[in-house]
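Engineer: this one's structure only:
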């Protein structure tokens with residue numbers, strides 16, 4: 001039995017096998033690259049659309065809010081009859097904010113952490129809040145400084161103690177050497 005194998009056939013078969021392997025890898029690589037590129041493009045478009053929509057929505061919303069704040073309103077009583085002078089919502093909010101910060105409150109907070117409104121004594125809310133904020137900032141700074149001072153004192157004590165112990169051991173060793 002004689003097997004005649006032509007070297008050209010072997011080379012052609014090997015070349016075909018190598019080409020198929022490369023093409024398979026290329027197909028996998030190409031599909032991976034294609035999916036990554038598609039994901040990136042979708043991400044970029046999505047981000048740009050969100051930013052554009054957010055800016056457009058913000059502009060429209062700001063315009064509507066401004067329109068509402070500028071509309072004239074007339075305070076009414078419980079029967080719906082006009083009571084007081086016409087003003088804008090912006091003016092009413094401004095007036096209420098000033099009243100809120102000028103309201104007299106006690107320095108102690110209730111269980112919910114709110115200041116108790118009082119008509120007897122008390123201080124304006126803006127003063128009480130500012131004092132609380134300043135006191136908290138001062139306490140935090142003092143805690144940090146005290147902790148730093150304690151750390152420095154501890155380090156100095158360790159260094160001094162090490163020097164004293166070293167000197168004492170040196171004296172003991174010198175005394176033992178002198179005695180011999």
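Structural biologist: Perfect, thanks for sending it. No experiment lies behind these values; they were computed from the predicted model shown.
Engineer: Give me the buried positions along the lengthiest strand in the chain.
Structural biologist: Of all the elements of type strand in the chain, the one with the most residues (DSSP state E) is strand 104-109. Of the residues in strand 104-109, 104, 105 count as buried by neighbour count, 16 or more other Cβ atoms under 10 Å. From N, CA and C alone the C-beta is placed, and that goes for glycine too.
Engineer: Adjacent strands (with direction) for the following helix or strand past that strand?
Structural biologist: The helix or strand immediately downstream of strand 104-109 is strand 115-117, counting by DSSP states H and E. When sheet partners are counted by DSSP bridges, strand 115-117 sits next to strand 104-109 (antiparallel).
Engineer: how many neighbours does residue 148 have?
Structural biologist: Applying other Cβ atoms under 10 Å, we find 10 residues neighbouring residue 148.
Engineer: whoops, I mixed them up, residue 126
Structural biologist: Applying other Cβ under 10 Å, we find 14 residues neighbouring residue 126.
Engineer: and what of the one 5 residues further on?
Structural biologist: Residues near residue 131, counting by other Cβ under 10 Å, number 12.
Engineer: Now do the helix or strand encompassing it: which elements does it pack against?
Structural biologist: Of the helices and strands defined by DSSP H and E, residue 131 is found in helix 125-179. In this structure, helix 125-179 makes packing contacts with helix 89-102, strand 104-109, strand 115-117, judged by 3 or more Cβ pairs under 8 Å, 6 or more residues apart in numbering; DSSP states H and E.
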